[in-house]
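**Student:** Here's a sequence, model it:
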Amino acid sequence: MNKRVVVTGLGLVTPLGIGVTPTWESLCAGKSGVGEITRFDSSAYATKIAAEIKDFKPQDFIPKKDARRVELFIAYALAATRMAIEDSGLVIDSTNATRVGTITGCGLGGLRFIEDTVLRVSEKGPKWVSPFFIPMMIGNMVPGLISVHFGARGPNSSLATACAAGAHAVGNSFRLIQNGTADAMITGGAEAVISPSCIAGFNSMKALSTRNDEPEKASRPFDRDRDGFVVGEGSGILILEALDHALGRNAPIYAEITGYGMTGDGYHMTSPPPDGNGAVRCMAAALEDAGIDGKQIDYINAHGTSTQLNDLYESRAIKTVFKEHAHSLAVSSTKSMTGHLLGGAGGIETVFTALTIHKDVIPPTINYENQDEECDLDYVPNVARNKKVENAMTNSFGFGGTNATLILAKYKE
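**Tutor:** Take a look at the predicted model:
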């Protein structure tokens with residue numbers, strides 16, 4: 001019999017704040033984390049805006065010496081992990097270290113450091129490459145250093161499934177606890193790629209918003225006038241535990257994870273299929289795994305990137321899966337405020353979904369001003385909504401057609 005899996009700890013580093021409370025308060029207040037890019041001179045770029053994190057000091061969370069040896073995406077994850085472990089009250093020691101694992105996701109890893117190193121090699125030669133170059137750029141250093149810093153010696157891996165990576169990490173961690181391989185997992189995602197090549201690359205694909213004169217209004221999922229996504233950065237980390245393990249130590253419980261689906265589109269390098277078939281099968285698989293009917297879902301934290309095709313095709317998929325109930329459930333995109341964290345998106349959005357259930361407050365989709373005739377669901381426009389949420393779904397869909405859906409429920413004894 002599968003073990004029940006609950007969420008007992010949360011940690012966030014986002015463009016809306018450092019920590020769960022400031023982030024959640026800004027999210028529910030409908031504040032935007034998008035502004036002008038300060039990390040580099042973006043004057044020559046079509047997109048000059050991003051959702052940057054302000055006032056983050058790695059040494060507040062990890063030793064100063066270590067802070068100099070990790071790339072920003074790793075530092076974000078270590079900070080969020082410390083918050084989540086402290087929040088859960090989980091003690092990792094010699095008695096349980098091998099039963100506590102770590103799986104995280106990221107999309108592009110240390111891209112900023114790769115750029116800097118390539119320039120340094122071309123200008124000064126190979127002797128100028130830092131001995132920390134390799135460990136600072138590879139994505140698996142997130143779970144690797146979480147293990148080093150916090151002593152978790154159970155299952156350890158990193159996923160790079162583009163924008164679905166964080167959600168896949170949570171889903172795979174859920175499975176390991178379900179089947180008894182681990183008692184607890186540290187999981188989520190991280191990303192920090194606000195850099196010249198990232199912005200230039202997405203600009204070449206015509207994927208980013210160019211609403212540079214109104215940064216806070218640039219990310220507008222499902223709105224008729226959406227013109228692309230906004231790159232964000234940060235990390236969202238959750239502590240998952242087997243229910244009996246959590247109850248045994250009187251841990252706080254935010255929500256229960258009940259379902260996980262994953263599919264492949266098999267359609268295109270970057271575009272979902274017009275009928276949203278991959279997303280349809282993914283959501284349906286998660287519902288089946290949770291053992292519930294679609295009518296029991298109260299809220300969907302949508303992938304909702306603010307691109308023309310994604311928002312349209314996800315809306316179509318939701319209507320296909322939920323049929324007449326599609327117009328009764330609440331759907332919102334928190335990317336309207338955080339931007340798109342790419343591989344880190346699934347981590348923070350699973351945290352947001354757990355908080356929605358725990359607090360019975362649904363975050364809004366901000367900047368929703370003009371209805372798209374084909375996107376005609378209840379997107380919780382502009383203002384957060386107080387509503388009892390028993391079951392919620394969160395979607396993450398990545399380039400290459402890789403999809404992940406998680407279902408969370410209000411914990412009941």
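**Student:** now the helices for the protein?
**Tutor:** In the chain, the helices defined using DSSP state H lie at 20-28, 64-67, 72-88, 111-124, 133-137, 141-150, 165-178, 196-204, 243-248, 277-290, 308-322, 335-338, 345-359.
**Student:** Include distance to Asn156 and mean pLDDT when you put those into CSV, please.
**Tutor:** No exception for glycine: its C-beta is placed from N, CA and C like everyone else's. Compiled in CSV, the helices of the chain are given as follows (distance: least, Cβ to Cβ, whole Å; pLDDT from 0 to 100):
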stretch, distance to Asn156, mean pLDDT
helix 20-28, 25, 98
helix 64-67, 18, 88
helix 72-88, 13, 98
helix 111-124, 22, 90
helix 133-137, 15, 86
helix 141-150, 5, 97
helix 165-178, 11, 98
helix 196-204, 27, 97
helix 243-248, 19, 98
helix 277-290, 24, 98
helix 308-322, 32, 97
helix 335-338, 27, 98
helix 345-359, 16, 98
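**Student:** Pick the most buried one from those.
**Tutor:** The highest mean neighbour count among the helices of the chain, using mean count of other Cβ atoms under 10 Å, belongs to helix 335-338: a mean of 30.
**Student:** What lies in contact with that one?
**Tutor:** Contacts with helix 335-338, where a contact means Cβ atoms under 8 Å, 6 or more residues apart in numbering, come from 14-16, 26-27, 30-33, 51, 219-221, 229-230, 232, 234, 303-306, 345, 348, 363-368.
**Student:** cool, stretch 316-324 as well?
**Tutor:** Applying Cβ under 8 Å, 6+ apart, the set of residues contacting stretch 316-324 from outside is 274-277, 279-280, 283-284, 287, 294-295, 297, 300, 302, 326, 329, 331, 374, 377.
**Student:** so who does Met283 touch?
**Tutor:** Gly261, Ala317, Ile318, Val321, Met393, Asn395, Thr405.
**Student:** hmm, try it at 6 Å
**Tutor:** Counting by Cβ atoms under 6 Å, 6 or more residues apart in numbering, Met283 makes contact with Val321, Thr405.
**Student:** Could you check how far stretch 42-62 is from the centre of its chain?
**Tutor:** 17 Å (Cα atoms, centre = their mean, to the nearest Å).
**Student:** What's the local residue count around Val380?
**Tutor:** Val380 has 20 neighbours, counted by other Cβ atoms under 10 Å.
**Student:** Next, format the helices of the chain as TSV and append distance to Thr38.
**Tutor:** Output for the helices of the chain, formatted as TSV (distance: least, Cβ to Cβ, whole Å):
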stretch	distance to Thr38
helix 20-28	19
helix 64-67	20
helix 72-88	14
helix 111-124	13
helix 133-137	21
helix 141-150	24
helix 165-178	25
helix 196-204	13
helix 243-248	41
helix 277-290	35
helix 308-322	27
helix 335-338	17
helix 345-359	21
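**Student:** For Gly401, which of these is the nearest?
**Tutor:** With Cβ to Cβ as the measure, helix 277-290 is the member of the helices of the chain nearest Gly401 (5.6 Å).
**Student:** what is the orientation angle of that closest one with helix 308-322?
**Tutor:** 40 degrees (axes from the mean of the first three to the mean of the last three Cα atoms, to 10 degrees).
**Student:** Could you list the domains of this structure?
**Tutor:** Domain assignment for the chain, taken from automatic domain parsing, gives 5-248, 261-409.
**Student:** Ends of the first one, what's the gap?
**Tutor:** When you say that, I think you mean domain 5-248. 13 Å (Cα to Cα, to the nearest Å).
**Student:** same deal with the last one?
**Tutor:** Here the two ends of domain 261-409 are set 15 Å apart, with distance taken as Cα to Cα.
**Student:** Could you do stretch 242-257 as well?
**Tutor:** Taking Cα to Cα, stretch 242-257 runs 10 Å from one end to the other.
**Student:** can you list contacts of it?
**Tutor:** With Cβ under 6 Å, 6+ apart as the test, stretch 242-257 has contacts from 3-8, 88, 174, 177, 183, 354, 357-358, 408-409, 411.
**Student:** now do 8 Å
**Tutor:** The contact list for stretch 242-257 (Cβ under 8 Å, 6+ apart) reads 3-10, 87-90, 170, 174, 177, 180, 183-184, 240-241, 353-355, 357-358, 406-412.
**Student:** do stretch 36-46 as well
**Tutor:** By Cβ under 8 Å, 6+ apart, stretch 36-46 touches 48-50, 52, 112, 194-196, 199-200, 203, 208, 210, 212, 215.
**Student:** Now with 10 Å, please.
**Tutor:** With contacts defined as Cβ atoms under 10 Å, 6 or more residues apart in numbering, stretch 36-46 is touched by 47-52, 54, 72, 112, 115, 192, 194-196, 199-200, 202-204, 206, 208-210, 212, 215, 228, 231, 233.
**Student:** Tell me the buried residues in that stretch?
**Tutor:** Of the residues in stretch 36-46, Ile37, Ser42, Tyr45, Ala46 count as buried by neighbour count, 16 or more other Cβ atoms under 10 Å.
**Student:** Mind checking the helices of the chain for the one nearest to Asp265?
**Tutor:** Using Cβ to Cβ, the helices of the chain put helix 277-290 closest to Asp265, at 3.6 Å.
**Student:** Taking helix 165-178 as reference, get the angle to the closest one.
**Tutor:** In terms of direction (the same axes, to 10 degrees), helix 277-290 departs from helix 165-178 by 20 degrees.
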